[in-house]
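Enquirer: could you work out the structure for the sequence below:
(chains A and B)
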Amino acid sequence: MMPPQNAHITILTTRLACIRTAMSLALSLAAGCTTVKPWQRETLSDSIMQPGRNPIAAAQLDHIYFSREAASGGTSVGGGGCGCN
Amino acid sequence: MSPHDKPACKCAILATLLALMLPAACIADFKQDDNLPDLADYQLEGKLPENLKGQVILLDFWASWCGPCKSSFPAMEDLNKKYAGKGLTIVAVSVDEKQENMQRFLNTANVSFTVVRDARQKLVAAANIRAMPTSFLIDRSGKIRFIHSGFNRDETIRQYVKEIEQLLEEPKP
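Expert: Down below sits the predicted model:
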């Protein structure tokens, strides 16, 4: 049988570990990923944020990439970045 | 686990649930059949029409950096000219961060309907729109009846005309 003092220390350690895990989980969830809302895309829609200056050429390159890799997206926001596409 | 650990674990579960619920609590969409909240509560920049009660309202969220939003302006101007006398009020809410960007576009657009700016983006956040532009058609009793996401030129204009005429024909509350 465990002495009462040791049992008390084990309880405290478990409790602290529980609280620490919960706090780190809560912090990571509260301050982690966020999404840019459609009305917050002013900066994203700026032409300087587009990787290519020619939208038609960029669309062609995207199409080639899609055909070759069977994957699309991940480059930039479609259209003017206004969330309407 | 000893019985002494139970309160601590309960607290931990509660904290996690609260963290998960935080983003959900911030969402407050405007939905069909909801009553439109009082626009005066949102500290919009610009002058709202004095009497919106009993009017059919077209509430449009737009921005000067959004192409489809800008292309909807001539259509809204036509609607305003055609239906303003019959009880339609158009309120275009700009979500531009900079007032001068909005003004630069308005100088070229030359519109006769009301344009205000949601400088603090509180109204648009409450509406929680999914795309730009998004417009809400509100009936004479203040209820949101139709929602338009995006602007598809002729198709949207046809729907606007049909819905506005339907709402204008409805009796005043």
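Enquirer: and the closest residue to chain B within chain A, how many neighbours?
Expert: Residue of chain A nearest chain B, by C-beta to the nearest C-beta: residue A:22 (3.2 Å). (C-beta placed from N, C-alpha, C; glycine too.) As a burial measure, residue A:22 scores 19 neighbours (other C-beta atoms under 10 Å in any protein chain shown).
Enquirer: who does the helix or strand that contains it touch, helix- and strand-wise?
Expert: Element membership of residue A:22, judged by DSSP states H and E, is helix A:4-30. When contacts are defined as 3 or more C-beta pairs under 8 Å, 6 or more residues apart in numbering or on different chains; DSSP states H and E, helix A:4-30 packs onto helix B:6-25.
Enquirer: is whatever helix or strand comes next after the helix it packs on anywhere near chain A?
Expert: Next in sequence after helix B:6-25, counting helices and strands by DSSP H and E, comes strand B:56-62. Yes - interface with chain A: strand B:56-62 contributes residue B:61 (C-beta under 8 Å from any C-beta of the partner chain).
Enquirer: gap between strand B:56-62 and the chain center?
Expert: 6 Å (C-alpha atoms, centre = their mean, to the nearest Å).
Enquirer: with stretch B:94-108 instead?
Expert: In terms of C-alpha atoms, centre = their mean, the centre of stretch B:94-108 is set 17 Å apart from its chain centre.
Enquirer: that one vs chain A: in contact?
Expert: Yes - counting by C-beta under 8 Å from any C-beta, chain A has neighbours in stretch B:94-108: B:95, B:96, B:97.
Enquirer: need the per-residue pLDDT for residue B:173.
Expert: We have a pLDDT of 81 for residue B:173.
Enquirer: for it, give me its contacts.
Expert: Listed by C-beta atoms under 8 Å, 6 or more residues apart in numbering or on different chains, the contact set of residue B:173 reads B:54, B:140, B:141.
Enquirer: check contacts around the second one.
Expert: Listed by C-beta under 8 Å, 6+ apart, the contact set of residue B:140 reads B:54, B:55, B:56, B:87, B:167, B:170, B:171, B:172, B:173.
Enquirer: max pairwise distance over those: which two?
Expert: The largest separation in the contacts of residue B:140, counting by C-beta to C-beta, is between B:55 and B:171 at 13.9 Å.
Enquirer: more neighbours, these two?
Expert: Between residue B:55 and residue B:171, counting by other C-beta under 10 Å, residue B:55 is the more crowded of the two (20 against 6).
Enquirer: was I right to think the more buried one contacts residue B:88?
Expert: Yes - at 7.1 Å, residue B:55 counts as touching residue B:88 under the criterion of C-beta atoms under 8 Å.
Enquirer: report the secondary structure state of residue B:78.
Expert: Assigned by DSSP: H, G, I helix; E, B strand; the rest coil, the conformation of residue B:78 is helix.
Enquirer: mind checking how far it is from residue B:111?
Expert: Residue B:78 sits 11 Å away from residue B:111 when distances are taken as C-beta to C-beta, to the nearest Å.
Enquirer: now swap in residue B:104 and tell me
Expert: Counting by C-beta to C-beta - residue B:104 and residue B:111 are separated by 14 Å.
Enquirer: what about residue B:90, how many residues close to it?
Expert: Residue B:90, neighbours per other C-beta under 10 Å, totals 23.
Enquirer: if we ignore the residues flanking it in sequence, what's nearest it?
Expert: In space, not counting the residues next to it along the chain, residue B:90 is nearest to residue B:113; the distance is 3.8 Å by C-beta to C-beta, 6 or more residues apart in numbering or on different chains.
Enquirer: could you check the pLDDT of that neighbour?
Expert: 97.
Enquirer: also the one 3 residues further on?
Expert: Among the per-residue scores, residue B:116 holds a pLDDT of 98.
Enquirer: with residue B:81 instead?
Expert: 97.
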